[in-house]
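Asker: What shape does this take:
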Amino acid sequence: DDADWPGIIRALEARGYRISRPDEDETLIASVGPIQISAEEIWKWEEIATQIAVGFEFYPDGWELDI
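Answerer: Numbering: from 1, shown residues only. Purely as a prediction, here's the structure:
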């Protein structure tokens with residue numbers, strides 16, 4: 001309930017992510033790239049997004065973030 005949608009969108013966009021919210025529901029799609037296809041590069045961007053999201057009251061849920 002405390003998730004800050006506008007805040008996370010601004011923070012992710014500031015780091016270079018492209019954001020979309022289908023139907024303005026509880027789904028946020030954050031895309032970045034093109035990037036090199038390697039485990040290290042993918043994890044780098046996943047970690048950045050996760051750290052940002054946790055700061056806006058979201059919590060990690062596998063490859064997704066949930067509120």
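
Asker: What segments of the chain are strands?
Answerer: In the chain, the segments counted as strands under DSSP state E are 18-20, 29-31, 59-61, 64-66.

Asker: Lowest mean pLDDT across those strands, which one is that?
Answerer: Of all the strands of the chain, mean pLDDT reaches its minimum on strand 64-66 (a mean of 54).

Asker: show me the contacts for the spatially most central residue of the chain.
Answerer: Computing the C-alpha centroid of the chain and ranking residues by Cα atoms, centre = their mean puts Ala49 first, at 4.2 Å. Ala49 is in contact with Leu12, Arg15, Tyr17, Ala30, Leu65, counting by Cβ atoms under 8 Å, 6 or more residues apart in numbering. To be clear about C-beta, it is placed using only N, CA and C from the backbone, and glycine gets the same treatment.

Asker: do Pro34 as well
Answerer: By Cβ under 8 Å, 6+ apart, the contact list for Pro34 is empty.

Asker: phi, psi of it?
Answerer: phi -70, psi 150 (degrees, to the nearest 10).

Asker: Let me know the pLDDT of it.
Answerer: At Pro34, pLDDT is 91.

Asker: And Gly62, by the same measure?
Answerer: On pLDDT, Gly62 comes in at 63.

Asker: that older thread, would you turn the strands of the chain into a markdown table with distance to Ile37 and mean neighbour count?
Answerer: Formatted as a markdown table, the strands of the chain follow (distance: least, Cβ to Cβ, whole Å; neighbours: other Cβ atoms under 10 Å):
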| stretch | distance to Ile37 | mean neighbour count |
| --- | --- | --- |
| strand 18-20 | 18 | 11 |
| strand 29-31 | 15 | 14 |
| strand 59-61 | 23 | 11 |
| strand 64-66 | 20 | 14 |
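
Asker: worst-scoring helix or strand of this structure, pLDDT-wise?
Answerer: Scoring the helices and strands of the chain by mean pLDDT, DSSP states H and E places strand 64-66 at the bottom, with a mean of 54.
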